[in-house]
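Q: Fold the following.
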Amino acid sequence: MEESLPLESPSMSRRQLLNFITGAAIATTAGAALYPAAKFFVPPQEGGEDGSIIAKDKFGNIIPASQILDKPPGTRALVAGLAGEPTYLTVNEDGTLHPWGIVDNCTHLGCTFPWNPNENQFQCPCHGSRYDSSGNVVRGPAPLPLRLAHVTVEEDYIRITPWTETDPRTGDKPWWV
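A: Residues are numbered from 1 along each chain as shown. Below you'll find the predicted structure:
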């Protein structure tokens with residue numbers, strides 16, 4: 001009679017099994033080690049589709065809108081805004097937030113600066129640039145007005161969105177877009 005080959009596939013040998021287990025262990029270990037490194041280089045995508053984020057304090061905690069709206073009119077609150085940049089929010093006379101925030105980043109060399117309520121100006125301590133309450137340059141060496149960001153309140157959250165429309169202070173296209 002004809003001799004035929006068996007139709008059954010041979011079982012895995014001991015060497016193949018150990019190679020498979022070793023490879024799986026190496027792949028699992030490498031994946032566990034590379035995942036945090038890969039996450040480090042990918043920026044967080046916590047914002048909405050429009051690039052918006054929720055305002056946070058310097059420790060990364062979400063700031064409730066009620067916490068800022070309880071302040072007296074004219075108060076300027078500093079929050080962590082877009083890309084973590086400090087952004088000033090202003091409480092209006094009617095107890096709402098001003099529709100734009102002013103990014104706390106000097107247009108001369110990128111310094112951060114305080115709001116001086118006595119002179120009603122933002123004053124950069126590094127090189128003496130001064131900005132009015134809307135972020136327009138009052139005194140150089142800063143060449144451009146401060147950047148703006150949209151500010152809206154949704155429920156008890158403050159949402160900050162990039163400003164891409166016409167700059168309401170100058171009527172021109174924003175220089176930061």
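Q: Go ahead and flag the most central residue of this protein.
A: Centroid-nearest residue in the chain: A83, 2.8 Å away (criterion: CA atoms, centre = their mean).
Q: and the gap between the closest residue in space to W175 that isn't next to it in sequence and T170?
A: With sequence-adjacent residues excluded and distances taken as CB to CB, 6 or more residues apart in numbering, W175 is closest to L144, at 5.3 Å. C-beta: built from backbone N, CA, C; applies to glycine. Distance from L144 to T170, counting by CB to CB, to the nearest Å: 10 Å.
Q: Hmm, S66 and Y157 touching each other?
A: No. If you go by CB atoms under 8 Å, Y157 and S66 don't touch, sitting 10.2 Å apart.
Q: Neighbour count for the two, which is higher?
A: Shown here are Y157 and S66; by other CB atoms under 10 Å, Y157 has more neighbours (13 against 9).
Q: bridging residues for that one?
A: P64, E154 (DSSP bridges).
Q: what about it, distance to I53?
A: Distance of Y157 to I53, given as CB to CB: 10 Å.
Q: cool, and P86?
A: Relative to I53, and taking CB to CB, P86 is found at 13 Å.
Q: Need the per-residue pLDDT for E46.
A: The score at E46 is 55. That number is its pLDDT.
Q: likewise Q67?
A: Per-residue confidence (pLDDT) for Q67: 84.
Q: Can you report phi and psi for G84?
A: Backbone torsions of G84, given as degrees, to the nearest 10, read phi 80, psi 10.
Q: confidence score at it?
A: Per-residue confidence (pLDDT) for G84: 77.
Q: What count of nearby residues applies to C124?
A: Other residues close to C124 by other CB under 10 Å number 24.
Q: Surely it and H108 touch.
A: Yes. The pair C124 / H108 is scored as a contact, 6.8 Å apart, by CB under 8 Å.
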